[in-house]
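Colleague: Could you work out the structure for the sequence below:
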Amino acid sequence: QISSSLFRQMRKRRRMTYSQVADEVAKDCGCQHLSPDALEKNLRRRVYDSLNVLAALGVIVKDEKSVEWCGLEKLPWRSKSTFDAAPSSTSSLKSTHMSTTQIQDLRAELDGTSRRLTEKKTRLHKLRRRMASSSRMAARNISSVGGKPSESITCPFVIVGA
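Modeller: Okay, here's the model as predicted:
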């Protein structure tokens, strides 16, 4: 009941502060009989949680002390009419169904993401092997020189010009 009331208020007013949202939801839910402490602790926390969910979905944008309605148009998996129906007694929101093309698009995206992840894991494995072999070679070179690198560079042969 709180989330559907919050949803309606945000859709109606478009921009509100956190306390305005909580007050409007309390008025809608008939929670005026609660003590201010109970309202503060319980309802405001639930309103804030619901706002976080809506913000995560991209339905609203949160500023410092206010929230702004963005709408449902940005949600690819929801139709706009989903929330337009009157709430029923069992559920305030109708269930949504994805179309076959949306499911196929999501599966294709998942396949592409899985493929890229596998490629990155393979590349990481190769880089780790290369780093380990370089570390072993550096350790072997240090131990063969006696632990201290020489300051001169030795050449394997001398070229004598005539």
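
Colleague: which helices and strands sit right next to the one helix or strand Ala26 maps to?
Modeller: Ala26 is part of helix 18-29 when elements are defined by DSSP states H and E. Secondary-structure packing of helix 18-29 (3 or more Cβ pairs under 8 Å, 6 or more residues apart in numbering; DSSP states H and E): helix 2-13, helix 44-57, strand 66-69. Every C-beta, even on glycine, is put in place using the N, C-alpha and C of the backbone.

Colleague: how about those, which one is nearest Arg128?
Modeller: Across the helices and strands packed on helix 18-29, Arg128 has its closest neighbour in helix 44-57 (34.9 Å, Cβ to Cβ).

Colleague: Show me what counts as buried in whichever helix or strand comes after the closest one.
Modeller: Next helix or strand after helix 44-57 toward the C-terminus (DSSP H and E): strand 60-62. Residues of strand 60-62 classed as buried: Ile60 (neighbour count, 16 or more other Cβ atoms under 10 Å).

Colleague: Quick check: closest non-adjacent residue to Lys3.
Modeller: Lys isn't right for residue 3; it's Ser. Leaving out its chain neighbours, the residue that sits closest to Ser3 by Cβ to Cβ, 6 or more residues apart in numbering is Ser50, at 4.7 Å.
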